[in-house]
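> output the structure for:
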Amino acid sequence: MKTIKLAVALSALLLSPLSSADSNTEALQLAVDHPSRTAANAERDKYRNPAATLAFFDVTPNSTVVEISPGGGWYTEILAPLLAAHGTLYAAHFPADSTSDYYKRSRAGFVEKLAANPVFSRVQLTEFAPTNSNTIAPAGSADVVLTFRNLHNWYNQGGEDALLNSFKQFYSALKPGGVLGVVEHRLPEDKMVGDWIKSGYFPEKLTVKLAQQAGFVLEAQSDINANPKDSADHPGGVWSLPPVLRLKEQDREKYLAIGESDRMTLKFRKPMAK
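Below is the predicted model of the structure:
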């Protein structure tokens, strides 16, 4: 019953006399508060700031959105109800023919999640891999492409070439004028020594350089997901912090007090066609 009421509320907002900005803000908050969200995921909102983050990336209930590598569906739980009535959501997960056991389990769990609740019934499952060319969405169809905390994984698979190939796939899927939203664990410039990639953090300047090489323009940067408590030099890398807490009981209270990682939040735009 709560799910139906919220769906009705989301639809009503789009027909209300509120300004577009006010309407979108309320719609985003309704999606964040949707009863289908798991409690453990909602607990992370204080670190991940989903309503403000999606607003910064120009996501509205009418958007066509591609979520890249959605994992267990943390953001899918918000995007699916937000876009259910008037938008479109493509979830570009691991390829079905992957030989990785982890990828297979992750995709299977996501598929099971989509089938378990009608709120996900309109999610369109596609595929993404940083070292291949996949159809994450029809070319030129998306208003927004989103990636959350994935760049370090793609870089591990193929270095700058893999990341550049990824950005080119996003560029192809976007409409002219469309937005690429990137959130990633931020590596401080003074930490770019040794085997920094194993830390799970990623350099902001390298992100911008490769996105620009793919054709994007950096439009804005935000501190929405910044965390000045995070020194980015933990013995277990970024996974020392919650929610993973890789070191288990070792310095547990210290890492809980820090919270989740310091993150860059970058908004790129695909230029309008000339």
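> what sits against residue 161?
Taking C-beta atoms under 8 Å, 6 or more residues apart in numbering, we find residue 161 in contact with residue 131. The C-beta positions use only the backbone N, C-alpha and C, and glycine is treated the same way.
> that one in helix, strand or coil?
helix (DSSP: H, G, I helix; E, B strand; the rest coil).
> just checking, residue 208 touches residue 218?
Yes - counting by C-beta atoms under 8 Å, residue 208 touches residue 218, with 5.4 Å between them.
> any residues in contact with both of those two?
Taking C-beta under 8 Å, 6+ apart as the contact rule, residue 208 and residue 218 both touch residue 266.
> mind checking which helix or strand the closest residue in space to residue 77 that isn't next to it in sequence is in?
Spatial nearest neighbour of residue 77, chain neighbours left out: residue 37 (4.6 Å); criterion: C-beta to C-beta, 6 or more residues apart in numbering. Using DSSP states H and E, residue 37 maps to neither a helix nor a strand.
> could you count how many residues lie near residue 37?
Counted by other C-beta atoms under 10 Å, the residues lying close to residue 37 total 20.
> now swap in the one 3 residues further on and tell me
As a burial measure, residue 40 scores 10 neighbours (other C-beta under 10 Å).
> now residue 138. Nearest residue, chain neighbours left out?
Residue 138's closest residue in space is residue 173 (C-beta to C-beta, 6+ apart), at 7.5 Å.
> the one you found and residue 239: what is the separation?
For residue 173, the distance to residue 239 (C-beta to C-beta, to the nearest Å) stands at 30 Å.
> one more: residue 212?
For residue 212 relative to residue 239 (C-beta to C-beta), the value is 29 Å.
> next: residue 137.
Plainly put, residue 137 is 30 Å away from residue 239 if you go by C-beta to C-beta.
> of these two, who's got more company?
Each of residue 137 and residue 239 had its neighbours counted (other C-beta under 10 Å), and the higher figure belongs to residue 137 (24 against 17).
> three-state assignment of that one?
Using three-state DSSP, the structure places residue 137 in coil.
> where do the helices of the stretch 101-250 of the chain begin and end?
Counting by DSSP state H, counting those that start in this stretch, the stretch 101-250 of the chain has helices at residues 101-116, 151-173, 204-213.
> residue 99: what secondary structure?
Classified using three-state DSSP, residue 99 is coil.
> tell me how many other residues surround the residue nearest to residue 138.
28.
> test my guess that it contacts residue 143.
No - in this structure residue 173 lies outside contact range of residue 143 using C-beta under 8 Å: 10.2 Å.
> nearest spatial neighbour of residue 226, skipping sequence neighbours?
residue 262 (5.7 Å).
> wait, residue 192 sits on residue 203?
Yes - between residue 192 and residue 203 there is a contact under C-beta under 8 Å: 5.9 Å.
> and those two? which has more neighbours close in?
Taking other C-beta under 10 Å, residue 192 and residue 203 do not tie; residue 203 has more neighbours (21 against 13).
> hmm, back to that, which residues touch the residue nearest to residue 138?
Residue 173 makes contacts with 66, 136, 137, 138, 139, 140, 141, 142, 145, as judged by C-beta under 8 Å, 6+ apart.
> what residues sit buried inside stretch 171-182?
By neighbour count on 16 or more other C-beta atoms under 10 Å, the buried set for stretch 171-182 is 171, 172, 173, 174, 175, 178, 179, 180, 181, 182.
> swap in stretch 240-253?
Those would be 240, 241, 242, 245, 247, 251, for stretch 240-253 by 16+ other C-beta under 10 Å.
> what is the lengthiest strand in the chain packed up against?
Secondary structure of the chain per DSSP state E: the longest strand is strand 174-187. On a contact count with 3 or more C-beta pairs under 8 Å, 6 or more residues apart in numbering; DSSP states H and E, strand 174-187 meets helix 50-56, strand 142-148, helix 151-173, strand 202-203, helix 204-213, strand 263-269.
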